[in-house]
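**Q** no sequence on this one, just coordinates:
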């Protein structure tokens, strides 16, 4: 049985894409596969599973040596189980930059495309078989695209992501604005999470100017809920950084509807970084960055210290 | 202008695939591209260029920072110019195992498939545009597949590689056995090369049991020509190893027609390696390995020290 999984902080794309691809491998290709998760899905992903009556995939924290696996939505070993290079990686499908570090024992099937969403690539790889998707799988695919594109607002969105999503919505007979609003409301409901959990929920580690930065993003339609907690979030940052081997945690609160990000500025390091990266001076402990919605496209490429 | 290139030891696939893909990018996609080489093409590749009146691509030894490049037929930084990660890598198309080490600044287009030949993947990526290839480009594609599959004898050959090649040959109106014989005769004509050149002609470096091995392969229809030089080839091995930072050079002379490889055994290190890797005892200074034709599939996976 092939295990299909995404990265360790399962958002909608990293939860839905394994489910979609396990369906395709099992029911179209005839190679039995099972979707698994490398962590607890976020509230939006959990909403999508429940809304479409999809079974919650089991959560695993390790893969056995020689175990056949398919990796979707990442090619970064740090976002995967420690023994990943000893597994039998048979396929990688992703839409992130190549970071290096993954190795395979033989030539395998790798597809990386500069699209907004892994699920869009899955759609293309399926060809005509996409027409045979059951409604729940089709809905998972639509959900992934709406999530990763923030309903086509993110600058990562390509016309192709949008066209695929619009076609899926039409086939399902649902309204994209209504459904996306439900998804984003679920994503914005973060009241149950501790400060540390919020800082780690959607976080990736990068090296910038000799420092290790944990770059965390919270996409929400209710930024006030998060920003009301800014004092305790900033107090928790040093603890999370130390525990995770980072020098600093950055938190960008992305307002999906206003299409802007608010960066928390707890100290001079982040103040300097904000000025060098975005050319904007933070007077207080927050900095609003109009138009910034994408870590991949608008944050990581400009980060400087 | 996008530069398209393969690896540093241009065989037919690493010479032909850049030419094919530069044609596609320029004439189908409308993005001007130029094929270049990272070394002198081998005698088979040179024959193919001449036979089909294809211009010899310029040989380069460096890429500028920020220069747009497409890499075909490798994903291994050691087979590419030193500054490759500073170039603007916009696409990678390959059929080798993922070795790690290449990095990109943003998500790009990467297609790796477990097929025998890069050109087969190019054919698939082109879709209907493959029908518009001029004869010389079509012939380059056929040549790449016949070369990498050793006319379908190599165990790396997939039914898909074969089907594409047979279709191309039919469209060109040429006989595969006759044309492949011409190609292999050109490849076997190694009289002009020094021992050191022969040892480096088709060579890849691997780490095995703490040692750095340069694993060289010579595919030929006239193995006697090479084996007659075995004494001086073995004498030259230590010099090449030292110059290239390796512990040992291995030379496998692949007899395309008899479908076997002869390994030169200059010392006890290689004798031990031969026994541990292939379970065969070398009595003299050579070891015949029946059926062994593919470094990728039959040599590298079993190498042990």
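**A** On my side now, so go ahead. What you see is a predicted model; the values in this text were computed from it and never measured. Numbering: from 1, shown residues only, chains lettered A, B, ... in the order given.
**Q** And the pLDDT at residue A:192?
**A** Looking at residue A:192, its pLDDT reads 89.
**Q** which phi and psi does the residue nearest to it when sequence neighbours are not counted have?
**A** Sequence neighbours aside, residue A:43 is the residue nearest to residue A:192 in space, at 7.9 Å (criterion: CB to CB, 6 or more residues apart in numbering or on different chains). For the C-beta atoms, the positions are set from N, CA and C on the backbone; glycine is no exception. Residue A:43 adopts backbone torsions of phi -70, psi -30, taken as degrees, to the nearest 10.
**Q** How about residue A:7?
**A** Here the main-chain torsion angles of residue A:7 (degrees, to the nearest 10) amount to phi -90, psi 180.
**Q** While we're on it, how confident is the model there?
**A** 96.
**Q** now the one 4 residues further on
**A** We note a pLDDT of 95 for residue A:11 in this prediction.
**Q** Count the neighbours of the closest residue to it other than its chain neighbours for me.
**A** Leaving aside its chain neighbours, residue A:11 sits nearest to residue A:42 (5.4 Å; criterion: CB to CB, 6+ apart). Applying other CB atoms under 10 Å in any protein chain shown, we find 23 residues neighbouring residue A:42.
**Q** for residue A:61, same thing?
**A** Using other CB under 10 Å, residue A:61 has 10 other residues around it.
**Q** Ok, residue A:257 next?
**A** Residue A:257 has 14 neighbours, counted by other CB under 10 Å.
**Q** still on that earlier bit, was I right to think the residue nearest to residue A:11 contacts residue A:203?
**A** No: Residue A:42 is beyond contact range of residue A:203, at 11.4 Å (criterion: CB atoms under 8 Å).
**Q** Just the element for residue A:4, please.
**A** strand A:2-5 (DSSP states H and E).
**Q** Which strands or helices does whichever helix or strand comes after that strand pack on?
**A** The C-terminal neighbour of strand A:2-5 among helices and strands, as given by DSSP H and E, is helix A:12-23. The contact analysis (3 or more CB pairs under 8 Å, 6 or more residues apart in numbering or on different chains; DSSP states H and E) places helix A:12-23 against strand A:2-5, strand A:33-35, helix A:43-51, strand A:68-72, helix A:118-126, helix A:135-149.
**Q** I'd like to check the angle between helix A:12-23 and helix A:135-149, please.
**A** Here the directions of helix A:12-23 and helix A:135-149 differ by 150 degrees (axes from the mean of the first three to the mean of the last three CA atoms, to 10 degrees).
**Q** so the spatially closest residue to residue A:295 that is not a sequence neighbour bridges to which residues?
**A** Spatially, and ignoring its direct neighbours in sequence, residue A:295 is nearest to residue A:217 (5.0 Å; CB to CB, 6+ apart). Bridge pairing for residue A:217 (DSSP bridges) gives the partners residue A:252.
**Q** The lowest-mean-pLDDT helix or strand in chain A: partners in the sheet, and parallel or antiparallel?
**A** The helix or strand with the lowest mean pLDDT-type score in chain A, counting by mean pLDDT, DSSP states H and E, is strand A:203-208 (a mean of 90). Sheet partners assigned to strand A:203-208 using DSSP bridges are listed as strand A:211-220 (antiparallel).
**Q** in the strand it pairs with, what's buried?
**A** For strand A:211-220, a neighbour-count test (16 or more other CB atoms under 10 Å in any protein chain shown) marks A:213-220 as buried.
**Q** Show the subsequent helix or strand relative to it.
**A** Once strand A:211-220 ends, the next helix or strand along the chain (criterion: DSSP H and E) is helix A:223-227.
**Q** Give the burial count for residue A:291, as a bare number.
**A** Neighbour count for residue A:291, taken as other CB under 10 Å: 12.
**Q** Hmm, residue A:259 and it touching each other?
**A** Yes: using CB under 8 Å, residue A:291 is in contact with residue A:259, at 6.1 Å.
**Q** Could you list which residues are in contact with residue A:109?
**A** By CB atoms under 8 Å, 6 or more residues apart in numbering or on different chains, the residues touching residue A:109 are A:90-92, B:112-114.
**Q** ranking these by neighbours, who comes first?
**A** Result: residue B:112 is most packed of the contacts of residue A:109 (other CB under 10 Å), 24 neighbours.
**Q** Looking at it now. What's its pLDDT?
**A** In this prediction, residue B:112 carries a pLDDT score of 97.
**Q** ok, residue A:240 to residue A:140 distance?
**A** 31 Å (CB to CB, to the nearest Å).
**Q** Of these two, which one has the most company?
**A** residue A:140 (30 against 22).
**Q** From residue A:256, how far off is that one?
**A** Residue A:140 sits 20 Å away from residue A:256, taking CB to CB as the criterion.
**Q** what does residue A:300 give?
**A** For residue A:300 relative to residue A:256 (CB to CB), the value is 19 Å.
**Q** who has more neighbours, these two?
**A** residue A:256 (21 against 18).
**Q** near chain B, which residues of the stretch 201-305 of chain A show up?
**A** Neighbours of chain B within the stretch 201-305 of chain A, by CB under 8 Å from any CB of the partner chain: A:296-297, A:301.
**Q** Quick one: residues contacting residue A:34.
**A** Residues in contact with residue A:34, defined by CB under 8 Å, 6+ apart, are A:1-4, A:22, A:57.
**Q** Any of the residues you listed buried? List them.
**A** Buried members of the contacts of residue A:34, scored by 16+ other CB under 10 Å, are A:2-4, A:22, A:57.
**Q** Turn the residues you listed into TSV, columns for pLDDT.
**A** Output for these, formatted as TSV (pLDDT from 0 to 100):
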residue	pLDDT
A:2	97
A:3	98
A:4	98
A:22	98
A:57	98
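**Q** mind checking how far the nearest residue to residue A:169 once chain neighbours are set aside is from chain B?
**A** Excluding its sequence neighbours, the residue lying closest to residue A:169 (CB to CB, 6+ apart) is residue A:176, at 4.9 Å. According to CB to the nearest CB, to the nearest Å, residue A:176 and chain B sit 24 Å apart.
**Q** Repeat that for residue A:43.
**A** Residue A:43 is 26 Å from chain B, where distance means CB to the nearest CB.
**Q** What pLDDT does the model give that residue?
**A** Reported pLDDT for residue A:43: 93.
**Q** close enough to count as contact, it and residue A:187?
**A** Yes: applying CB under 8 Å, one finds residue A:43 in contact with residue A:187, separated by 5.8 Å.
**Q** the more surrounded of those two?
**A** Each of residue A:43 and residue A:187 has its neighbours counted (other CB under 10 Å); residue A:187 has more, 27 against 20.
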